[in-house]
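Chemist: the sequence and its predicted three-dimensional model are supplied below.
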Amino acid sequence: MSRFKAALLAFAVLASPAAAQAPLTVLRVVPQADVAVTDPLFTTAWISTIHGTMVWESLFAWDSQLQARPQMAREWSTSADGLTWRFTLRDGLKFHDGSPVTTEDVIASLRRWMGIDAMARKVAAVTTAMTVVDAKTFEWRLSAPVPGLLDTLAAAPSHFAVIMRARDIPEPGKPATSVIGSGPFRFNTDLRVSGARVVYDRNPDYVPRDEPPDGLAGGRVVKVDRVEFQVQPDQATAVSALQAGEVDILERPSFDLLPLLRGNRQVKLQVLTELASQAVLRPNALYPPFNDPRARLALSYIINQDDQMSAGYGDAAYFQACNSFFVCGSPNGTTAGAEDFGPNLARARQLLAEAGYKGEPIRMPATRDISYMGPMAEVASDAMRQAGLNVQVEWSDWASVVSRTTNQGAPDAGGWNIYVSGMPGVLAWTPSTNIFAAMPCDRSNLAGWPCDEEVEALRTRYANAPTAERPAILDALQRRLAVVNPYRLLGQATQPVAFRSNVAGLLNSPVIAYWNISKD
C-alpha cells in the first residue's frame with residue numbers, strides 16, 4: 001500500500017459521521033513545500049503566499065493581467081490633490097469565527113503591513129492618518145500623493161496586504177499565531193500534521209464577489225468541500241501518486257519527470273502564468289565577502305546560466321538564460337548594464353581579490369526538497385570553488401533553510417553567506433514587487449539585507465511616476481542593480497502545474513488559486 005493510500009485510509013478514520021453520510025469532495029494536492037509559516041506577512045516563502053490567499057483577503061487583488069481590482073473594497077475615491085483616499089468595504093465580509101470585518105481590523109492590518117513590506121514602508125513614510133469613518137468606511141490621508149497605491153495594495157506576491165482580526169495582530173517582529181481569516185477557505189487546525197498534511201475546508205459563510213473570477217480578482221467561488229495538501233518532497237513518489245489518481249494536483253512537478261506525465265492521458269499540464277520565474281543566488285550583504293559589491297559582482301562572472309538551468313530544470317523548452325532583474329520577455333525585461341555578465345573566472349578572481357577575500361569559509365545552506373534547488377546549489381557551489389571561494393554546502397529541509405536565512409548573525413555563529421532561492425515572475429517583473437531587488441538600508445528587506453540608497457530612490461520614483469516616464473527610470477534602475485548586484489540571476493523558467501483530467505477550472509493567475517476548481 002502506498003503512502004498516499006495509507007493517508008487516505010487514515011483520513012477516513014478521522015472523518016465525522018456526518019461526513020461519512022455525505023462524502024466530501026476533496027481536492028488532494030502535492031504542494032511545492034510544507035506550509036511551515038502560516039502567517040503570510042512573516043515570510044516570503046511562496047507556499048505561505050498561496051496559503052494566505054486561501055485563508056485571508058486583501059482590499060484589492062491582481063487579475064490575470066496583473067491589474068489591481070477590488071476584492072474586499074466595494075468602492076473607493078481619492079481627492080483632487082491625491083492626498084486623501086476613502087475606502088468602503090463590500091457587504092458580507094466576516095471572519096471564520098463569525099465576527100464581522102470592520103475598518104478597525106483593516107487599519108490595524110494595514111499598519112502592520114506598512115511596517116513589514118518594502119514598498120508599503122514607502123507608503124507609511126507619507127501616511128499622516130488612517131481614520132475610521134464607520135464600521136465599513138475609513139479614510140487614509142497622505143502628505144504626498146501615491147499614484148500607485150492600489151497597485152501596492154493588490155500585489156499578492158511578497159508580503160501582501162492581508163486583512164486580519166485586529167486582536168490577532170502580533171507585536172512587531174513576531175508572527176501571527178491565529179489562522180482565522182475571512183477568505184473562502186478555513187484552515188483546519190485539527191487535521192494539520194506538520195511536515196505531512198495541511199487541510200483547508202470550504203468556508204460556508206463566505207460571500208464571493210459577483211464578477212467572474214480573473215486571476216486573484218473577481219468571485220472566489222469554491223467548488224470542492226476540502227483542499228488537502230499532502231506534503232511529499234520525493235518527486236518520483238509524487239508523480240506516481242498523480243498517475244495512479246491518489247492525488248489530483250501536483251503543484252510543481254520536476255522537469256525531468258514531465259515526459260512521464262505527458263505520456264499519461266489522464267494527466268494534463270498547464271502553465272498558469274507566462275511570466276517566467278527567476279532562480280537566484282542570494283548573497284548575505286551583512287558580512288564579508290559579500291558585504292562588498294565587488295564580491296557580489298564577481299558572482300555574475302562565475303555563474304554559467306546554461307549550466308545552472310540545465311541542472312535545475314533539464315527541459316530547455318521551459319527555461320532560458322536572462323540577465324534582466326525584471327524578467328526577460330516581460331514589459332520591463334531590459335538587460336542594460338549586464339550585457340557582459342557570464343563566465344569569466346579571471347575577472348571574478350580579480351573582483352574577489354579587490355573585495356579582500358582571503359579564503360574564508362562560505363557557508364551555503366541548501367535543500368533538495370524543491371526539485372530545482374538541490375542541483376542548482378551543487379552546480380553553483382562547484383563554480384564558486386573554481387573561482388577560489390571556499391564554499392561549504394550545508395544540506396537541510398527547505399523550512400530549515402528559510403528559518404536559517406532570517407538569522408542576521410555571523411555566518412560562523414548560525415548565520416550564512418549565500419543560498420539558492422527562487423522568485424515567481426509575477427513578483428520579479430516590476431520594481432514595486434521585486435523583493436530581491438529591494439535595497440533599503442534599515443534591514444527591512446528580504447534576507448540578505450543589501451543596502452543602496454540610489455536603488456531605493458529609483459524604486460520610489462518608478463512607483464510614483466507617470467507611465468510615460470517609467471521606461472527611463474527602469475533603465476537607470478537596471479543599470480544600478482547591475483553594479484551593486486543584490487542577487488545573481490541563475491536564469492528563468494516557466495513552471496507547469498500537473499493535474500488529473502477529471503479536475504477543471506484552474507485559473508490563469510499570478511498565484512495558483514484553489515477556488516473555481518472542480519473535481520468530477
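Modeler: Okay, I see it. Numbers count the residues shown, from 1 in each chain.
Chemist: quick one: low-confidence ranges for the stretch 51-200 of the chain?
Modeler: 157-158 (pLDDT under 70).
Chemist: strands along that one, start to end?
Modeler: Ranges of strands in the stretch 51-200 of the chain, per DSSP state E, counting those that start in this stretch, are 60-62, 68-70, 73-78, 84-89, 127-132, 137-142, 185-187, 197-202.
Chemist: number of nearby residues for residue 134?
Modeler: Using other C-beta atoms under 10 Å, residue 134 has 9 neighbouring residues. Every C-beta, even on glycine, is put in place using the N, C-alpha and C of the backbone.
Chemist: thought it was touching residue 104?
Modeler: No. Contact between residue 134 and residue 104 fails when scored by C-beta atoms under 8 Å: they sit 10.6 Å apart.
Chemist: can you give me the helices in the stretch 51-200 of the chain?
Modeler: Along the stretch 51-200 of the chain, the segments classed as helices by DSSP state H, counting those that start in this stretch run 103-114, 118-125, 149-154.
Chemist: wait, I meant the stretch 351-500 of the chain
Modeler: Taking DSSP H, counting those that start in this stretch as the test, the helices found in the stretch 351-500 of the chain are 373-386, 398-404, 425-428, 453-464, 470-484.
Chemist: most tightly packed of those helices?
Modeler: Using mean count of other C-beta atoms under 10 Å, the stretch among the helices of the stretch 351-500 of the chain with the largest mean neighbour count is helix 425-428, at a mean of 26.
Chemist: for it, packing partners?
Modeler: Judged by 3 or more C-beta pairs under 8 Å, 6 or more residues apart in numbering; DSSP states H and E, helix 425-428 is in contact with strand 277-283.
Chemist: re the thing from before, pick the most deeply packed of the strands of the stretch 51-200 of the chain.
Modeler: Burial of these is given as mean neighbour count (mean count of other C-beta under 10 Å); strand 60-62 ranks first at a mean of 28.
Chemist: strands of the stretch 251-400 of the chain, start to end?
Modeler: 267-271, 277-283, 319-320, 361-366, 390-395.
Chemist: buried sites along the last one?
Modeler: If I follow you right, that is strand 390-395. 391, 393 (16 or more other C-beta atoms under 10 Å).
Chemist: for the chain, what are the low-confidence residue spans?
Modeler: Residues of the chain meeting the criterion pLDDT under 70: 1-21, 157-158.
Chemist: out of the strands of the stretch 51-200 of the chain, which is closest to residue 489?
Modeler: Nearest of these to residue 489, taken as C-beta to C-beta: strand 60-62 at 23.3 Å.
Chemist: can you list the strands that the closest one pairs with?
Modeler: Strand 60-62 sits in its sheet next to strand 68-70 (antiparallel), going by DSSP bridges.
Chemist: from the chain's centroid, how far away is the partner strand?
Modeler: Offset of strand 68-70 from its chain centre (C-alpha atoms, centre = their mean, to the nearest Å): 19 Å.
Chemist: list the contacts of it.
Modeler: Under the contact criterion C-beta atoms under 8 Å, 6 or more residues apart in numbering, strand 68-70 has outside partners 59-63, 76, 90, 150-151, 153-154, 209, 211, 214, 217-218.
Chemist: try it again with 10 Å
Modeler: 59-63, 76, 87, 90, 148-155, 209, 211, 214-218 (C-beta atoms under 10 Å, 6 or more residues apart in numbering).
Chemist: just the buried residues of those residues.
Modeler: For the contacts of strand 68-70, buried by 16+ other C-beta under 10 Å: 59-63, 76, 87, 90, 148-155, 209, 214-218.
Chemist: let me see the domain layout of the protein.
Modeler: By the record's domain assignment, the chain is partitioned as 23-35+184-272+496-519, 46-168, 277-493 (automatic domain parsing).
Chemist: of all those domains, which one comes closest to residue 178?
Modeler: For the domains of the chain, distance to residue 178 was read as C-beta to C-beta. The smallest value, 4.1 Å, belongs to domain 46-168.
Chemist: buried stuff in stretch 94-111?
Modeler: 95-96, 101-103, 105-110.
Chemist: just stretch 328-347 next, same as before
Modeler: Burial within stretch 328-347, assessed by neighbour count using 16+ other C-beta under 10 Å, is assigned to 328-330, 332-334, 336-338, 341-344, 347.
Chemist: picking up where we left off before, and the buried residues of stretch 94-111 as JSON lines, adding distance to residue 503?
Modeler: JSON lines is the format used below for those (distance: C-beta to C-beta, whole Å):
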{"residue": "95", "distance to residue 503": "30"}
{"residue": "96", "distance to residue 503": "26"}
{"residue": "101", "distance to residue 503": "31"}
{"residue": "102", "distance to residue 503": "37"}
{"residue": "103", "distance to residue 503": "38"}
{"residue": "105", "distance to residue 503": "34"}
{"residue": "106", "distance to residue 503": "35"}
{"residue": "107", "distance to residue 503": "39"}
{"residue": "108", "distance to residue 503": "38"}
{"residue": "109", "distance to residue 503": "33"}
{"residue": "110", "distance to residue 503": "36"}
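Chemist: distance of the closest residue to residue 386 other than its chain neighbours relative to residue 465?
Modeler: Setting aside the residues directly before and after it, residue 386 is nearest to residue 345 in space (C-beta to C-beta, 6 or more residues apart in numbering), at 6.3 Å. Distance of residue 345 to residue 465, given as C-beta to C-beta, to the nearest Å: 40 Å.
Chemist: surely residue 148 meets residue 82?
Modeler: No. The pair residue 148 / residue 82 is not scored as a contact, 11.0 Å apart, by C-beta atoms under 10 Å.
Chemist: save the strands of the stretch 51-200 of the chain as JSON lines, and put in distance to residue 460 too.
Modeler: Listed next are the strands of the stretch 51-200 of the chain as JSON lines, based on distance: least, C-beta to C-beta, whole Å:
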{"stretch": "strand 60-62", "distance to residue 460": "20"}
{"stretch": "strand 68-70", "distance to residue 460": "19"}
{"stretch": "strand 73-78", "distance to residue 460": "19"}
{"stretch": "strand 84-89", "distance to residue 460": "19"}
{"stretch": "strand 127-132", "distance to residue 460": "15"}
{"stretch": "strand 137-142", "distance to residue 460": "14"}
{"stretch": "strand 185-187", "distance to residue 460": "36"}
{"stretch": "strand 197-202", "distance to residue 460": "37"}
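Chemist: looking at the ones you listed, which is closest to residue 394?
Modeler: Judging those by C-beta to C-beta, what sits closest to residue 394 is strand 197-202, at 26.8 Å.
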